[in-house]
Every structure is written in C-alpha cells, then in structure tokens.
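Asker: 3D, please:
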Amino acid sequence: MATSATRTVRLVYFAWVRERVGLPEETLDIPADLATVVDLVRWLKARGENYEAAFARETLVRVALDQHHAKPQSPLGNAREIAFFPPMTGG
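Answerer: Model prediction:
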C-alpha cells in the first residue's frame, strides 16, 4: 500500500541535462511535501554530484509539468511527468 509521504513521478531529461544526470528518464518516489519546481530541483541536487552538476544554476534549466511549461516557483500539483531541458534559442 502506498504511503502519503511520497508520490511517484516520471522525470525526463533532455540534451545536456540528460548528459549530466546520466539518464534519459527515471521514475522516482519523491517526498509529497515538495511543493514547487524549485523544491524538486533542490531535492534532486542533494541526490548526488551528477544532479548537482545538471542543476547547478537552478533557474537556468527549463521544466514542463505534464507537457506544459512551468516556472521555478510553479506548484508541482499532481504532475505525473516532469521534464527538464536546457533553454532553447531560435535560429
């Protein structure tokens, strides 16, 4: 039986974020009390050097919650998929 202390999410990493984390995606049980995108980023950074490298500049990496762009202070809500990717440039 699942506990309310955690919830399961799918994390997807793109481009250099994927290279630094070392995985294209993973499914994790994250603490249920992580409220915002930046809370999640800080939690991930504490998981190891690869995450620390990927999220060294917390607001540089872009995020999408269930395929909708979100800001660092956006609430995680009930997002099931959270994608991280570098800023994109046109051209």
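
Asker: Show me where this protein has its strands.
Answerer: Remark: strands assigned in the chain by DSSP state E are 6-13, 25-31, 62-65, 68-70, 81-85.

Asker: buried ones in the first one?
Answerer: Just to be clear, that refers to strand 6-13. By 16 or more other CB atoms under 10 Å, the buried positions in strand 6-13 come out as 7, 9, 11-13. In this view, the C-beta of every residue, glycine as well, is placed from N, C-alpha and C.

Asker: Can you lay out the strands of the chain as TSV showing distance to residue 46 and mean pLDDT?
Answerer: What follows is the strands of the chain, written out as TSV (distance: least, CB to CB, whole Å; pLDDT from 0 to 100):
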stretch	distance to residue 46	mean pLDDT
strand 6-13	15	97
strand 25-31	11	97
strand 62-65	18	97
strand 68-70	21	97
strand 81-85	16	97
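
Asker: mind giving me CSV with those and columns for distance to residue 19?
Answerer: Listed next are those as CSV, based on distance: least, CB to CB, whole Å:
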stretch, distance to residue 19
strand 6-13, 8
strand 25-31, 13
strand 62-65, 16
strand 68-70, 22
strand 81-85, 12
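
Asker: out of these, nearest to residue 48?
Answerer: Nearest to residue 48 among those is strand 25-31 (12.3 Å), distances taken as CB to CB.
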